[in-house]
Each structure stands twice: as structure tokens, then as C-alpha cells.
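# got a sequence here, can you model it:
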Amino acid sequence: MPISGEKSYSVRVTVPDVLQSGRDNVVALEIQHEGETVHPSSGTFTLFAQGSTPVVDAAATTFHAGRVQYTVPSSALDTSAAGVEYGDGWLEEWALTISGVVYTWTRPAALAKRPISPSVTDTDLLAEYPDLANYWGSGRTNAQTFIDSAWNDIVRRWLREGGAWWPIASPYVFFEAHRELTLSKLWRYIGKSDGNEVFVDLSTKHQAEYARQFQAIATQYDRDQDGRVDDPDSLESRHGVISVNTPIRYSPRWYGGLRGRRFLIR
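Purely as a prediction, here's the structure:
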């Protein structure tokens, strides 16, 4: 709750930041009020690793393209330094001055060697519906807004349901769920805009398929961040470990596995 007598600014923190070691990282914070972007008069950025000592201490921020920004130097993310380790537990602290008042916001973060990114693109959506671009509205030339929204929903759900995020070594496993949720959001928007229930029904169909695909996600991890999967012979789902070599029980549903093997997807 905001402090009584002060404005309630909205800070857009959709997912935790996953910083990448070995390079500079641009981090940003977007603040809005009454539908307008808020431009702080000044601000500082502090970054804490897992310990209490900051690796970036009260550095001045800049404002660009409607967001407060800071570039974290690669030297601050050097895992050979004491207290700097891969994993979650990092914390960003933004102290921003707005109308003479200093507001402080925090954002959780993690450090990874190779953070994952979404693999769904417009090309994949058009592969499902080649005439899709004819429907998504005048002035819109791509589906990036829907791709981003669906990806953020998946990240939040994965974290909320106990999945690890920063050490995932096989981002392609999210592809089907991400594609289906994107199409659901897109067809819902098109259906509501056109008043066409056929498009709304398509949205419902893809929403149901998204739910099924999300439950089937199983991935591999690189928790020690050495650039290799921890166990090439197994996949981990939110329900437990799945062996690549030997199925747990009989099922008629099989899929090609890693290195020519076969594994069971529940």
C-alpha cells in the first residue's frame, strides 16, 4: 500500500532480471502514473549479489525511451571475485527522486552464464496461420507485444510453481506452450476487436492446448554453469525426474529423445 498522502506509482516489474556474466548488462525500470510515463529528476542504482556487500553502489542512472536505466559493467559480474556467484538471490535497488521525494524500489535478479530467451517468432505463428497478418489490425506489423506478454506469463507461472529459471539449459522445451499462449492472446484480441466469435473460439482452443503443453514441460539444467547440462540422461519436470534411457511406465505416447534415445513425456 502507498504511504497516505503520496501518489501510488506503478512500477513495471514483470519478471526477475537474469543478468549474463562476461558482458555489460542494461537494466531498466519503468514507472507510470495515470497512464503516463514518470520521469524521475535523478536516481541511483545499487546491485547486491547474494551477500550484503553491493557490487554496484549508488551509481547514477539515466533516462531513455521512457525508462530509468543503468548499465551494469561486466566487472561487477565477475564470478572470480569474492561473493559473486551464479544463481538467484541477487537484488536490484533503485532510489529515484520524483517531485522532490526519493522513492526506493527493489527488483529480484539472478546471474547466469547463458540466460535463456524465447524461441517463438512471428514466423512460427505464420506457419500455423499463413494469413494471420491479415487479421491482427491496421497499424500492427508484428505480434511481438503478444509474444512478450505470453513469455512473461510463462516465466511467472514457472517460478510460482517451483521451477528454477536461471539455470535452464534447454529453452526449446517452452516452445509449444509459448506458441499456444501467444496465439490464444492474439486471437482473443482479434475476436474482441472484430466481434467475431469464431476468433474467440480459436483463442479458447489455443488456451486449452497451452494448458496441456505447459503440464508436459520437462527440461535439463546447468546449475553449476559450466556450459554443459548437469545430467544428459534425464529431464526434470515439476513432477520429478524423467529418465532418458528407461521409461517409468508403459505409455503409447513416445517422442524422439536426446542423442537418438527415447524418453517419456507425461
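# helices of the stretch 101-250 of the chain, residue ranges please.
If DSSP state H, counting those that start in this stretch is used as the criterion, the helices of the stretch 101-250 of the chain fall at 122-128, 144-160, 175-194, 197-215.
# now render those helices as a markdown table, adding mean pLDDT and mean neighbour count.
The way it works is simple: take the backbone N, C-alpha and C, and place the C-beta from them, glycine included. What follows is the helices of the stretch 101-250 of the chain, written out as a markdown table (pLDDT from 0 to 100; neighbours: other CB atoms under 10 Å):
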| stretch | mean pLDDT | mean neighbour count |
| --- | --- | --- |
| helix 122-128 | 97 | 14 |
| helix 144-160 | 95 | 17 |
| helix 175-194 | 93 | 21 |
| helix 197-215 | 95 | 16 |
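# quick one, which of the ones you listed is nearest to Asp17?
The minimum distance between Asp17 and these falls on helix 144-160, with 11.2 Å, by CB to CB.
# what angle do the closest one and helix 197-215 make?
Orientation note: helix 144-160 sits at an angle of 40 degrees relative to helix 197-215 (axes from the mean of the first three to the mean of the last three CA atoms, to 10 degrees).
# how distant is helix 144-160 from the center of its chain?
6 Å (CA atoms, centre = their mean, to the nearest Å).
# give me the distance between the nearest residue to Val38 once chain neighbours are set aside and Val102.
Leaving aside its chain neighbours, Val38 sits nearest to Ile31 (4.2 Å; criterion: CB to CB, 6 or more residues apart in numbering). With distances defined as CB to CB, to the nearest Å, the gap from Ile31 to Val102 amounts to 13 Å.
# shared neighbours of the two, anything?
Taking CB atoms under 8 Å, 6 or more residues apart in numbering as the contact criterion, the residues that touch both Ile31 and Val102 are Leu96.
# of those two, give the one with the bigger neighbour count.
Here Ile31 and Val102 are compared on neighbour count by other CB atoms under 10 Å; more neighbours surround Ile31, at 22 against 12.
# enumerate every residue touching that one.
Ile31 makes contact with Tyr9, Ser10, Val11, Arg12, Thr37, Val38, Pro40, Val68, Leu96, Ile98 under the criterion CB under 8 Å, 6+ apart.
# hang on, the fifth one packs against Val11?
No: because the distance of 11.7 Å does not satisfy CB atoms under 8 Å, Thr37 is recorded as not touching Val11.
# okay, the two: which has more neighbours?
For Thr37 versus Val11, the count of surrounding residues by other CB under 10 Å is larger for Val11: 16 against 13.
# what is the mean pLDDT for the helix or strand hosting the more buried one?
Here Val11 sits within strand 10-12, counting by DSSP states H and E. Across strand 10-12, pLDDT averages out at 93.
# mind listing the strands that strand pairs with, and their directions?
Under the criterion DSSP bridges, strand 10-12 sits next to strand 25-33 (antiparallel) in its sheet.
# local confidence estimate at Gly196?
Check again: residue 196 is Asn, not Gly. Model confidence at Asn196, expressed as pLDDT, equals 81.
# hmm, I was thinking of Gly137
For Gly137, pLDDT reads 75.
# contacting residues for it?
Contacts for Gly137 (CB under 8 Å, 6+ apart) come out as Tyr189, Ile190, Ser193.
# list the buried ones in stretch 99-111?
Residues of stretch 99-111 classed as buried by neighbour count (16 or more other CB atoms under 10 Å): Tyr103, Arg107, Ala109, Ala110, Leu111.
# so the last one is in contact with Asp78, correct?
No: taking CB under 8 Å as the definition, Leu111 is not a contact partner of Asp78, at 10.3 Å.
# mutual contacts of these two, please.
Overlap between the contact sets of Leu111 and Asp78, as judged by CB under 8 Å, 6+ apart, is given by Ser21, Val84.
# could you give me the average pLDDT of stretch 82-91?
For stretch 82-91, the mean per-residue pLDDT is 93.
# select only the buried ones of the contacts of Ile31 in ChimeraX?
In ChimeraX, a selection of the buried entries from these looks like this (16+ other CB under 10 Å):
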select :9,11,38,40,68,96,98
